[in-house]
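1. Provide a 3D model corresponding to the input given below.
(one chain, ligands or ions: 1)
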Amino acid sequence: MRSALIYNLSGELDDISHLFPNERLGRIASILQGHGIPATIIDQANHHDLQRLGPEYLKSLGELEFGGTNSQHAAVVAAEAKAILTRGVDTIFLNLWHGAGFTFSIALAQHLRSLAPELTIIGVRQKVDWFKAHILRLAPGALDGLITGLGYDAVDFLAKGGAPANCPNIIWAATEPPRENRSAPLDVETFPLASYTADIYTNITEKVPLHTITLSNQACPNRCVFCIRPENYGRINVKRDIQSVLQELRSLRHDHGIRHVRVEDSTPPAGALTELATAILGSDLRGDMAFSAFARMDTNRDEDFSLLHEAGFLALFLGIESLDDSNLKRIRKGIRYEDICRTLRAAHAAGLKTVGSFIFPLPGETEKTMQTTLCRLREIRGDLDSLLVLPAGIYPDTPWGDAPEDHGVFLEENFVEAFITYPLKYLQPIHLWPPVPFTYSIMGRPAKDVPFTDILKLYAEFTEVARQELGLPAVPDYYYLLADMMGMPPTDATRKLIQLMVARDYAGIRNCFR
Ligand code: SF4
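-> Numbers count the residues shown, from 1 in each chain. Coordinates of the predicted model:
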C-alpha cells in the first residue's frame, strides 16, 4: 500500500449522527499514517457537501433502486470517481452505509473498478457488520474485501504489507469461498487515536462538533438473539486505560474545541462510566464538557449515576426491548423487569435523562406479553424520559437469522439480497415502509400467516400508548447533547432537526450549529 483514501457518502441525511466526525474512519487514517502511508478521509456527510450535492440529487438517490441509475446519478458517480483517481491513491477504504449510501458506494466502487482495475477497494463498517460476505455476492468484482468489526488489526496488518488472505478480520473476495479470518482486536490501546486534523480529515470543520469515544474494544459478553455485535466484535470485553481515555478527551477539548461527546460502547464494562466520571471530575475538564452514553440495565446498574450527572452526563441510552419477562428470556436479553426498574429509577433520580429502546412487536409477541409491557410502561413512566421503538429487524449471523424457525421467524427465499438493498429510510413514517423480506409470529399466529402490515398495526398500537397516552417523546441520547449545543429544550431541538432533515434544508441544519 502506497497511499490510501478513506471515503464516505452516507446518502440522504436520515439521522443527524451521519454528520458527527467518524471515529472509526479517523482511526484507520491514524493507523495508516503511523506506518508512513499517506491517508486522507473524504467524508461527504458534512454541511458543505450536502449543499454541494443538493437536495434534488440526494432525493433522487434515495428513490433509486439498488443498481439503478439515471443521468444525474451517473454524472455524480463519474465525477466522484474522477476526483478520487486524481489523488493517485492505490487503496480505498469505502464506508458502507445502509440505504442510499450503500447504493451510491457500490456504484462508485464499480465505476472506479472499470477505470482503474488495479485499485484495491475494501468495504468497512455498518453494512459489513450486518451482511458480511453476502455483499460480495451482490456486487461481484466491485470490492476486493471487507473488514469486519473494529478491524484495526486488519488495517495494521495490510499497512505492514501482510497478505490479505491471512489478514485478521477480513473477508477477502479472492478466497474461495470468501470467508472471514477471525480475530477481533482485544486491545484497542495498541492503535493510535483518530486523526481529526483538517489536512487528513477533509471538511472536518463542516461536521457537527459532536464526537464519539469508546471505553473498550466494544465486544459484548452477552448474546441477545437479534444482535450482530458479539459476532463481529467478539465476546471478550477489554476496557481501555482511563488515562488514555482522558488524554483523548483533553485532545478533543483543547486541540479541537469539542465540548460534546457520546460514549459509544453498547455495553460499557461494569464501572467504566463511573471511572470516567471520576477522572473527568479530577481533571481540568470538570464542568467543561457534556456526555451521553449507552448503558446496560444489569452490567451498569451499580454505576454512580449522581457522579455521572456531576461530571456532565446528560442522558443514557438503555436497551430494554420489552417489559415482559418471558419476552426478555426468549430473546436472551439477560435482564428482568426488576433490573430495568432499579436501574431506570437510579439513573433518573440522579438527574440523567433515560432513553429506553424497545423492539415491538417481538417475534412471539402475544396479547398477554403486549399487555404486560404496556401496563409496565405506565408503571415506569415516571423514570423514563424518552422511548425509541422499532419492530424486529432480522440479520444473518444472529440466532434469529441463523435458525429462524426456532424463533418463529420466516425469511423469504431471497431474504439476504432483498434486505441488503432494502430502502431503509428512518425519517419516513414506518407505515410507508415497503414490506420487509421476512415476517414473524405474533399473537399466536404462525409467521407465514403474518403480513408486514399486521406487524405495523401492533407497532402503531404500542406507539399510540407511548406517545399519546403517556406523552413519551422519541429523543435519542445524543439529541440531548445537540439540544445543549443549540440552547433549546431537547424535544424542541429534536423536532426542529427532524423537520429540517425532512425538508432537506441543509443550510438550516448548518445554522443550528454555528
Ligand atoms: S443487544 Fe447489547 S447486550 Fe445484547 S448482545 Fe447486543 S450489544 Fe450485547
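2. How is the chain divided into domains?
-> 4-189, 208-394+450-484 (automatic domain parsing).
3. can the first one be found next to the ligand?
-> No. Interface with the ligand: domain 4-189 contributes nothing (CB under 6 Å from any ligand atom), its closest point being 11.4 Å away. Placement of C-beta: from N, CA and C, glycine included.
4. now the longest one
-> Yes. Among the residues of domain 208-394+450-484, 220, 222-224, 227, 229-230, 266-267, 296, 319 lie within reach of the ligand under CB under 6 Å from any ligand atom.
5. end-to-end on that domain?
-> 13 Å (CA to CA, to the nearest Å).
6. Make 30 the starting number, not 1.
-> Done: numbering now begins at 30, and the last item shifts to domain 237-423+479-513.
7. That one - what's its average pLDDT?
-> Mean per-residue pLDDT for domain 237-423+479-513: 97.
8. Give me the distance from it to the chain's centre.
-> How far domain 237-423+479-513 lies from its chain's middle: 13 Å, per CA atoms, centre = their mean, to the nearest Å.
9. thinking again about what came up before, a markdown table for the residues of domain 237-423+479-513 next to the ligand, including neighbour count and secondary structure?
-> Formatted as a markdown table, those follow (neighbours: other CB atoms under 10 Å; DSSP: H, G, I helix; E, B strand; the rest coil):
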| residue | neighbour count | secondary structure |
| --- | --- | --- |
| 249 | 22 | coil |
| 251 | 19 | coil |
| 252 | 15 | coil |
| 253 | 21 | coil |
| 256 | 20 | coil |
| 258 | 19 | helix |
| 259 | 19 | helix |
| 295 | 19 | coil |
| 296 | 23 | coil |
| 325 | 23 | coil |
| 348 | 21 | strand |
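10. tell me which of those is nearest to residue 57?
-> Closest approach to residue 57 among the residues of domain 237-423+479-513 next to the ligand (CB to CB): residue 258, at 19.6 Å.
11. How about the contacts made by the closest residue to the closest one other than its chain neighbours?
-> Leaving aside its sequence neighbours, residue 258 sits nearest to residue 249 (CB to CB, 6 or more residues apart in numbering; 4.7 Å). For residue 249, the contact set (CB atoms under 8 Å, 6 or more residues apart in numbering) comprises 256, 258-259, 262, 264, 266, 295-296.
12. Looking at the stretch 80-229 of the chain, what residue ends up closest to the ligand?
-> At 11.4 Å from the ligand, residue 158 is the closest residue in the stretch 80-229 of the chain, using CB to the nearest ligand atom.
13. Which strands or helices does the helix or strand hosting that residue pack on?
-> Assigned by DSSP states H and E, residue 158 belongs to helix 155-160. When contacts are defined as 3 or more CB pairs under 8 Å, 6 or more residues apart in numbering; DSSP states H and E, helix 155-160 packs onto helix 444-449.
14. How about the helix it packs on, which residues are buried there?
-> Within helix 444-449, the residues that count as buried by 16 or more other CB atoms under 10 Å are 444-449.
15. Can you add distance to residue 62 and give the contacts of residue 249 back as a markdown table?
-> Putting the contacts of residue 249 into a markdown table (distance: CB to CB, whole Å) gives the following:
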| residue | distance to residue 62 |
| --- | --- |
| 256 | 33 |
| 258 | 28 |
| 259 | 31 |
| 262 | 24 |
| 264 | 31 |
| 266 | 28 |
| 295 | 28 |
| 296 | 30 |
